[in-house]
Structure formats: C-alpha cells, structure tokens
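Q: okay, predicted coordinates and the sequence, questions at the end:
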Amino acid sequence: MIEIENLSLSFGDRRALDDVSFHVPKGAVTGFIGENGAGKTSTFRVLTTWLLPDPETVSVRVGGIDLLKDPHAACSRVGVLPEQLALPGELRVDEYLKFRSRLKGVSGNRIHDEVVRVLNAVNAPEMIRRRLDTLSQGYRQRIGLADALLGDPPVLLLDEPTRGLDPRQITQFRELIDGLRGNHTLLLSSHVLGEVEQVCDRICVISEGQIRLEEDRETWTQRLDQLGRLHLELDCPDTKAKSQVTQWLKEQPEVSAVENEGSVWSIQADRTLRTRIGKKALDEKWIIQELRSEPATLESLFLQWTGPENKKAQS
Amino acid sequence: MKRAYFLFRKELTSIFVSPVAWIIMVLFTLVMGANLYLSMIAVSGDLKQLVAAGYGGLVSWFMLLVIPPLITMKSLADENRQGALEVLMVTGISDASVVAAKWAAAWIFYVILWCCLLPLWGILGMVGVLDTGVLFVTHMGLFVVGAAYCANGILASALTSHPLASAGLAFMFNVGLFMIHWLRFFFRPGDLELLWVEYLSAVHHIGDELTQGILDIRVFVWWGSFTLLTLFLSARVLERRRW
C-alpha cells in the first residue's frame, strides 16, 4: 500500500533522508521506529506532500498512486494524525469535523453522516457538540484520529499517537488502533517500543535518515527469543558444585553465554532450556531457589540495530 | 477554489466566535465615532467637508495602518508555529488557496469594521445634506487600500512564526507605504518623479482625491495589483518549505 524506493530529502546541505526504501503491505500495522531526528516525521511529511523529496528519488507510491506524479490524488488516500496536533479551540467538534470533511472533498449530503461515523469509530460520539478547547488530551487525540479517518482513506499515518496521554488513555487508544487493523493500512511512528511490540505486525527501523531494518512480527519474535536470558539461582554453597553447574550450562547447545555471580547464573539461551535445567537439578539434587526467563524486549533489539556497530556494518 | 471558499468560511467564523473581534469592533466604532464628532466640530457642522476631515485625519490613518496587522497577525504565523498549517495542507489544499482564503477573511472583517460607521453616517444624513457619492468613493478607497494593507499583513504572517513579530513587520510595511507620500517634498511641481510619488501615495489618493469624490480607476488598478502581487509573494513564501 505504501512503496518507497530510494527516497531522499535534504534541507540545504543536511540530508534528512538518504535513499530510504521500504514498503508497507495492505492492511498491516507497521511500526516506524527511530531515535529523535532519525527521519520519521520527515518521511511522514513527504507522504503527506507537505515536503517535496529530492529529484533523485525514484518513486513514492501511496495506494497505488505515484506521489511524485500526482501528489493531490496520493494525498487524498492518506489520513494523518500529526505529532503536533493543533485544533482550533474556538470551534465545536462537529463544526471542525464538517469543515475538514469539506476540505477533504466529502460530498455535502454525506458530511453529517461521515462526522457521526468517525466519531463512533473513535468512541467519542458524545463529544459532538463540545468546544475543542474544553476537551481533555485523550479526547483531543481521538478527534485528531477522527479527522484522519474522514473520507475513509486507505492509508493512515499516526505520528506519536499516544504522546502526552495517561496510561488509561494509552490503553484505550491502543484498542482504537487495533480496531482499525484490516480496514486501513497503518504506519505508526512511536518512541514507545512496548506499544509497537503490542500493536504492530511489522516494524521498520530508521536511523540517521537510513532504513536499518524491516521485519515482520514472526522474525523479530524469534530474535527476541534468541536474545532472552534465564535467571537461575541455586542453593549451592560449594565452589566445586558451582563450577560444575557453569560447565554443564556451557555445554548445552542452546546456550550462547553464561555469567555467574555467587549462586546466581544469568544464561543467554532459548527458553526451552528451562525444562532441561529442571531435570538436571532433580538428577543432581540441586536445590533451585529461582528459575525464571527474562525475555528480551524490542528496546534491547532497537539499541542493537541502531547502535554504532550496526551502523558501521551497514555503511 | 471550493476548498479556498470552505477555508474562508471557517476563518470568518473563527474571527467572529472570538471575543477579540467584537472588542476591536466596539473600540473601533467608539474611537472613530469620537473622531467624527470632533471633526464635525472642526468643520462647523458642514457635512460636505466632514468626510475629508473625518477620514483624511490622523486617527483614520492610524486605524488604517494598525488594524490590518492586528487582524492578520495570527493568520499564518500562529498556525505555522502550532503545526495547524501542516494539518491544513495535508487535505490537498494549495498554498495559493490558503493565502487567498486567509486574506479574504481578514479583509472582509476589515470592511465590516468600516461598515460599523455607516449607521452614524445614516443618522447624519437624516439631519443634514450628505454627499453619498463622496462617502461611497471614500469607502471604496478605504477598502482597496485596506485590501493591500491586509495583504501586507498576510505576507508578514507568512514570513514569521510569531503573531507579534508578524504584526510589527506588517505595521512596518504599511508605514513604509504610507511614508511614500512625503517623498514629494524632494521634487518640484512638474517633475515626473512627483507624478510617480503621487500615484503610489495612499495619502494622496484617500486624503486628497477620494474624499473629494474623485474616482480615479487607476488608483483601484494600482492598489489591486499591489494586493495581488503581495498575495502571490505570500504564497511563494509559504511554499519555501519545499525549496
């Protein structure tokens, strides 16, 4: 649904996007993650035609339309919830959404129904007559999302959609985004990687204006499993026994690293090793105080992907 | 074009739902009403001279120079700062349409302000003999010069991201145009340059010609062209993010 090929964008001498290529399949929720200034918002701004890419850009297609050839048609296929949501406080919700509907080309007789539809979609129908400056941050975000949904665009770009929301509002907003899955293709930019992990089917990592990685959920979950650690604590005062345990752990094929401190072992291995540790403990009469898995998070993967070693390898 | 019209309607609504607009209207009517009253005393109740005395004086000029920057200062500057402009542009509306709609809304409000004085003229017309032709031509002059001053305000608003900076810049543009009039002291009668200065001078047209009921179509063409050029420049300034 979104296909970007060799997208470049420069501000004077500074290159904000450098040969960016990625694609977002139809109906998928894709997390677009990167540090501050990595190029996420710049990419969004190109997709909304707010900024024009450099002439060497090969193609930017949104909903099958070449944005470089027909920016207006491409623009009409995109709904945006910007990071910085500015709503005219003096207007009521219905006045604002009707105005936006007209700008987006919704025909006159359908406007009221469209406003009701999008307000229902974001679970805020009771706000229809409220002034925008009296809304809480959570409802303001919902109205922003309702605006993005006007005209039923196939592609939605959500830039930091849960920024400034409290934990309850974040949960509710996540549910809203989840509800849009399938009907719309979503590209979601966020710094909250836990949120991306929960909501997204795919991730696309950008750093210093370059795409570092594109992966689907299955692949990154496997990586997380590989990077997960087991925490083992034994009641074993004997130094000899400790070295035996360490030796046995190192011999296991799933284990890639073992660290021992006192009677605690931190083991980088697949979670399946737990069963074998349990059996071994029974055989050797080890007394297990604690055995738990510490799964790796997307954050640790992100740090790895955008770390200096990865950048060096890619360059 | 349709999008520009929808934006114009929304802008006008936004102006009138704000209390600031109503406060400006009340203050403007009070100050200009007092100005007309004092002018009437100065011309000893001669209504034929009242238009020139009331609208050619310093108070009217002050209003003409100050009001457009105040109306337009938030148009683009504030929206740019808050990110509202980006939200607006993602609907596919063109830069030129945004500039045209914002200018039109500001100008209509400006016209409405001057029209607030019409009831006063109506009352004067009932008690004396009023030259409606002179009054009409003078108002046309105020509107056409105001259109240019509002366009200056829009350009200033596109150039900055802070409403106060925008108002200051627009005021400077307007004063610059106003000061052209005094260049005539550098030339002698019959000089070609003097003709140019008089042609470009708003004071000359409103203060001398239009308030006497002299309708010179060139005045309207010049100020109309100036307005269009300034609006074109504003649209180009708005486009600069893509350069």
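A: Received the coordinates, thanks.
Q: so which bits of stretch A:94-106 are buried?
A: A:94-104, A:106 (16 or more other Cβ atoms under 10 Å in any protein chain shown). Using the backbone N, CA and C atoms, a C-beta is placed for each residue, glycine as well.
Q: among these, which lie within helices?
A: Among those, DSSP state H puts A:94-103 in helices.
Q: and the strands in the stretch 51-200 of chain A?
A: Using DSSP state E, counting those that start in this stretch, the strands of the stretch 51-200 of chain A run over residues A:59-62, A:65-66, A:78-81, A:155-159, A:185-189.
Q: which one of the buried residues of stretch A:94-106 is nearest B:Thr29?
A: Minimum distance to B:Thr29 across these is 27.9 Å, recorded for A:Glu95 (Cβ to Cβ).
Q: mean neighbour count, mean pLDDT and distance to chain B for the strands of the stretch 51-200 of chain A - can I get that in a markdown table?
A: Below are these laid out as a markdown table (neighbours: other Cβ atoms under 10 Å in any protein chain shown; pLDDT from 0 to 100; distance: least, Cβ to the nearest Cβ, whole Å):
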| stretch | mean neighbour count | mean pLDDT | distance to chain B |
| --- | --- | --- | --- |
| strand A:59-62 | 21 | 84 | 12 |
| strand A:65-66 | 16 | 86 | 12 |
| strand A:78-81 | 25 | 90 | 5 |
| strand A:155-159 | 24 | 90 | 9 |
| strand A:185-189 | 25 | 91 | 14 |
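Q: so which residue is dead centre in chain B?
A: B:Gly146 (1.8 Å; Cα atoms, centre = their mean).
Q: returning to what we had before: which ones among the ones in helices among the buried residues of stretch A:94-106 also lie next to chain B?
A: With Cβ under 8 Å from any Cβ of the partner chain as the criterion, those include A:95, A:99-100, A:102-103 near chain B.
Q: picking that back up, which two among the ones in helices among the buried residues of stretch A:94-106 are spaced furthest apart?
A: Pairwise across those, and taking Cβ to Cβ, the largest span is found between A:Asp94 and A:Leu103, at 15.0 Å.
Q: could you list the domains of chain A?
A: If you go by automatic domain parsing, the domain ranges for chain A are A:2-222, A:229-294.
Q: deepest-packed of these, please.
A: By mean neighbour count, with neighbours taken as mean count of other Cβ atoms under 10 Å in any protein chain shown, domain A:2-222 ranks first of the domains of chain A at a mean of 19.
Q: which of the domains of chain A comes out lowest on mean pLDDT?
A: Per-stretch mean pLDDT for these is lowest at domain A:229-294 (a mean of 83).
Q: first to last residue in it, what's the distance?
A: End-to-end span of domain A:229-294 (Cα to Cα, to the nearest Å): 5 Å.
Q: and that domain, how far out from the chain's middle?
A: Domain A:229-294 has its C-alpha centroid displaced from the chain centroid by 35 Å (Cα atoms, centre = their mean, to the nearest Å).
Q: for chain B, which helix is longest?
A: Scanning chain B for the longest helix, with DSSP H as the assignment, gives helix B:132-159.
Q: tell me what angle whichever helix or strand comes after it forms with helix B:132-159.
A: Per DSSP states H and E, the first helix or strand lying C-terminal to helix B:132-159 is helix B:163-179. For helix B:163-179 against helix B:132-159, the angle by axes from the mean of the first three to the mean of the last three Cα atoms, to 10 degrees is 130 degrees.
Q: as a whole number, average confidence for the following helix or strand past helix B:163-179?
A: Sequence order places helix B:192-200 as the next helix or strand after helix B:163-179, per DSSP H and E. Regarding helix B:192-200, the rounded mean pLDDT is 79.
Q: now the helices for the chain?
A: Picking chain A for this. Using DSSP H, helices in chain A cover A:40-47, A:71-75, A:93-103, A:111-121, A:137-149, A:167-180, A:193-199, A:217-227, A:239-251, A:273-284, A:298-306, A:308-314.
Q: please go with chain B instead
A: B:2-17, B:19-42, B:47-55, B:58-72, B:77-82, B:84-89, B:95-115, B:118-127, B:132-159, B:163-179, B:192-200, B:202, B:217-239.
Q: what residues does the stretch 101-250 of chain A put near chain B?
A: Residues of the stretch 101-250 of chain A lying near chain B (Cβ under 8 Å from any Cβ): A:102-105, A:147.
Q: now with 7 Å, please.
A: A:102-104 (Cβ under 7 Å from any Cβ of the partner chain).
Q: my guess is A:Asp201 contacts A:Glu215. True?
A: No: counting by Cβ atoms under 7 Å, A:Asp201 sits too far from A:Glu215 to count as a contact (10.3 Å).
Q: excluding chain neighbours, what is closest to A:Arg102?
A: Distances taken as Cβ to Cβ, 6 or more residues apart in numbering or on different chains place B:Phe6 nearest to A:Arg102, at 4.3 Å, with adjacent residues excluded.
Q: err, B:Glu86, not the other one
A: Closest to B:Glu86 by Cβ to Cβ, 6+ apart is A:Trp50, at 5.4 Å.
Q: what of A:Gln289?
A: In space, A:Gln289 is closest to A:Glu233, 4.2 Å off (Cβ to Cβ, 6+ apart).
Q: please name the bridge partners of the one you found.
A: In this entry, A:Glu233 is beta-bridged to A:Val264, A:Glu290, by DSSP bridges.
Q: residues contacting it?
A: By Cβ atoms under 7 Å, 6 or more residues apart in numbering or on different chains, A:Glu233 lies in contact with A:263-264, A:289-290.
Q: dump those into a markdown table; add distance to A:Phe11 as well.
A: Listed next are the contacts of A:Glu233 as a markdown table, based on distance: Cβ to Cβ, whole Å:
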| residue | distance to A:Phe11 |
| --- | --- |
| A:Ser263 | 56 |
| A:Val264 | 51 |
| A:Gln289 | 57 |
| A:Glu290 | 53 |
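Q: which residues touch the helix or strand of chain B with the lowest mean pLDDT?
A: One helix or strand of chain B scores below all others by mean pLDDT, DSSP states H and E: helix B:202, with a mean of 73. If you take Cβ under 7 Å, 6+ apart as the criterion, helix B:202 is touched by B:145, B:177-178.
Q: next one: stretch B:75-87
A: A:50, A:82, A:84, A:86, B:102, B:106, B:154, B:157-158, B:160-163, B:166, B:238.
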